[in-house]
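Enquirer: How does the following fold in three dimensions:
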Amino acid sequence: MTSLHSSKVESDARDLESRFTKNGSPCIGIILGSGQSRVLINGNVLKPNESISYKSILEFPVPKVPGHAGELILGTIDDIPVAVLS
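Expert: Next comes the predicted model:
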């Protein structure tokens, strides 16, 4: 890994950490499978605060499967801070 690449990864990590802090550090992480976002997000179970595209996170894999949004969603479920991979 080059120093330029390494500094970009570190910068992305700091950015995510500040977003987590701003939105409440997640107590729970949830990974959604195909179609499950309808239940959690459209069913008003998750109260999203911020959505971050996987494309904007260096070295984070971008899904190629239909129905996978490719987003890290920071929000709450019953006032509990969560991070959701959708």
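Enquirer: burial of Lys55, as a residue count?
Expert: Lys55: 10 surrounding residues under other Cβ atoms under 10 Å. C-betas here are computed from N, CA, C, even on glycine.
Enquirer: In this model Pro61 seems to touch it, though I could be wrong.
Expert: No. Assessed by Cβ atoms under 8 Å, Lys55 is found out of contact with Pro61, at 10.3 Å.
Enquirer: Which element is encountered next along the chain beyond the least confident helix or strand in the chain by mean pLDDT?
Expert: Within the chain, no helix or strand scores below helix 37, which has a mean of 70 by mean pLDDT, DSSP states H and E. Note on helix 37: by DSSP states H and E, the next helix or strand toward the C-terminus is strand 47-53.
Enquirer: Give the pairing partners of that following strand; include direction for each.
Expert: Applying DSSP bridges, strand 47-53 is found paired with strand 71-77 (antiparallel).
Enquirer: for the strand it pairs with, which positions count as buried?
Expert: For strand 71-77, the buried set under the neighbour-count rule, 16 or more other Cβ atoms under 10 Å, comprises Glu71, Leu72, Ile73, Leu74, Gly75, Thr76.
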